[in-house]
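Colleague: Got a predicted structure here, sequence first:
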Amino acid sequence: MPPRRRTPVADGHAALLACRAAGWAADRRTTATAVRYTLEELATVAPGRTVEVRVPPHGAVQCIEGPVHTRGTPPNVIETDAATWLRLAVGELAWEDATGGALVRASGQRAHLDGLLPLASLRLDP
């Protein structure tokens, strides 16, 4: 069962466009909406509870099928800032470049998003 969507698609897409137009430095509310929307898209594309993706302070989501985590700190965690996450989600930044440039902190054997990013559902061009 896909996760429950909290951010309306139209609102999330509009926020994502606004963030890109602002050079990934939009106001806090717009950025938060865009981050939550893209995290929800990731959880829809890769449902599961093996990896936790965190974009503080805006949101976090569990995704990817595999062993389920139930208590304490998850063993597979990916954490990054909002601008990096949004650029990864839309394909302006490659996963390898983000991890190689220390823009993403990934801990755990399954803590990677290779093959999942960019999210195809987040087309920004007409």
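Modeller: That came through, no problem. Treat the numbers as computed from the prediction; the structure is a model and nothing was measured.

Colleague: Show me what secondary structure element comes after the longest helix anywhere in the chain.
Modeller: Among the segments of the chain that qualify as a helix by DSSP state H, the longest is helix 28-45. Per DSSP states H and E, the first helix or strand lying C-terminal to helix 28-45 is strand 51-55.

Colleague: relative orientation of the longest helix of the chain and strand 51-55 in degrees?
Modeller: Angle of helix 28-45 versus strand 51-55, following axes from the mean of the first three to the mean of the last three Cα atoms, to 10 degrees, is 170 degrees.

Colleague: start to end distance for stretch 80-99?
Modeller: Across its full length, stretch 80-99 reaches 10 Å between end residues, using Cα to Cα, to the nearest Å.

Colleague: So for that stretch, what gets flagged as buried?
Modeller: Under the neighbour-count criterion of 16 or more other Cβ atoms under 10 Å, stretch 80-99 has 80-90, 93, 95, 98-99 buried. C-beta coordinates here come from the backbone N, C-alpha and C atoms, glycine included.

Colleague: can you check stretch 53-72 too?
Modeller: Across stretch 53-72, burial judged by 16+ other Cβ under 10 Å covers 53-55, 58-64, 69.

Colleague: Likewise for stretch 34-48?
Modeller: Within stretch 34-48, the residues that count as buried by 16+ other Cβ under 10 Å are 34-43, 45-46.

Colleague: Much appreciated, bye for now.
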